[in-house]
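K.L.:
Below are the sequence and a predicted model for it; my questions follow.
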Amino acid sequence: MTNEQPGTTEQQGPANYLSRSMELLWGSRERPSRGPKPGLTLDRIVETAISVADTDGLDALSMRRVARELGVGTMSLYRYVPGRAELLVLMLERVSDPSEDIDEAKGRDWRGILAVSARGTRRVYLEHPWLLQVNWTRPVFGPNVLAGVEFMIAGLANVGLDDQERISVMMAIDGYVTGTVRTQVQYASAAEESGVSDEEFWKLQYPILEQAMESGRYPALAGLAEDAFDGGMEESFEFGLQRLLDGIEALIESRRSRRCS
């Protein structure tokens, strides 16, 4: 027995969600036409789902929870979206809108474009930490997601890299961004999850660490300046981003030198 409405993801099987997601993303799925005049919109459902995930994480996301937040019956949602899997695809599409980054990057060179894209991606992940729980290795491409990829690939046009290298650069930037964001999000939640404040955490370790530094076994660490670990997350992110871009620039320059020789 199931409480799901006929035709939902759960009854048709997960393999079918892709075609239904593409219909929703690209506007080819018919909107509800029968029954009472709908008091909902797909946009409103997606925005509410994003709010749920922002507040309580992706594990809290369900059709029932979204319906409760909207003050409607769960079955009402299935007139707009077949199930949670398709709803998640729509959420990803909504938060992936690159228009702000595209506007900011106008007139910039490849390095400026990649920097804007990296900062924009970081901003989105920090605003929606549940994105770190999403498996992006097989993305469902909607207009916004494709536009974001187009933005980066076009930004690397005519710099001397082949197509595989441009894709690799995009993946390297994304991997760096998600890695640093994951660290920042985990750091922000560590005190709440452990019940131990930052001050208590380091205070408990300090006596042992002090002895370790005085032992002579860790001379490089013991020789660090007192403010060595005082850099903020944003400063660390920018430092790493610029070094990554330096490496890409060195590759591009090496290709130019080779062509000129």
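P.N.:
The structure has been received and is ready for your questions. Numbers count the residues shown, from 1 in each chain.

K.L.:
And the strands in the stretch 101-250 of the chain?
P.N.:
Assigned by DSSP state E, counting those that start in this stretch, the stretch 101-250 of the chain shows no strands.

K.L.:
Low-confidence stretches in this protein?
P.N.:
Across the chain, residues meeting the criterion (pLDDT under 70) sit at 1-15, 28-38, 261.

K.L.:
Show me the domain layout of it.
P.N.:
Domain assignment for the chain by automatic domain parsing gives 9-95, 99-195+231-260.

K.L.:
Using CSV, please lay out the ones you listed together with mean neighbour count and distance to Gln205.
P.N.:
Quick note: C-beta positions are derived from backbone N, CA and C, even for glycine. Formatted as CSV, the domains of the chain follow (neighbours: other C-beta atoms under 10 Å; distance: least, C-beta to C-beta, whole Å):
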stretch, mean neighbour count, distance to Gln205
domain 9-95, 16, 29
domain 99-195+231-260, 15, 13
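
K.L.:
Figure out which of those domains is closest to Glu214.
P.N.:
For the domains of the chain, distance to Glu214 was read as C-beta to C-beta. The smallest value, 24.8 Å, belongs to domain 99-195+231-260.

K.L.:
What segments of the stretch 1-150 of the chain are helices?
P.N.:
For the stretch 1-150 of the chain, applying DSSP state H, counting those that start in this stretch gives helices covering 9-12, 17-25, 42-56, 63-70, 74-77, 84-95, 99-104, 110-127, 143-155.

K.L.:
Indicate which one of those is closest to Val134.
P.N.:
helix 84-95 (6.6 Å).

K.L.:
What is the closest one packed up against?
P.N.:
For helix 84-95, the packing partners by 3 or more C-beta pairs under 8 Å, 6 or more residues apart in numbering; DSSP states H and E come out as helix 9-12, helix 17-25, helix 42-56, helix 63-70, helix 143-155.

K.L.:
Tabulate the helices of the stretch 1-150 of the chain (TSV), appending distance to Ala212.
P.N.:
Formatted as TSV, those follow (distance: least, C-beta to C-beta, whole Å):
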stretch	distance to Ala212
helix 9-12	54
helix 17-25	53
helix 42-56	40
helix 63-70	48
helix 74-77	57
helix 84-95	44
helix 99-104	45
helix 110-127	34
helix 143-155	44
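
K.L.:
so which of the ones you listed gets nearest Leu244?
P.N.:
Comparing those by C-beta to C-beta, helix 110-127 comes nearest, at 8.4 Å.
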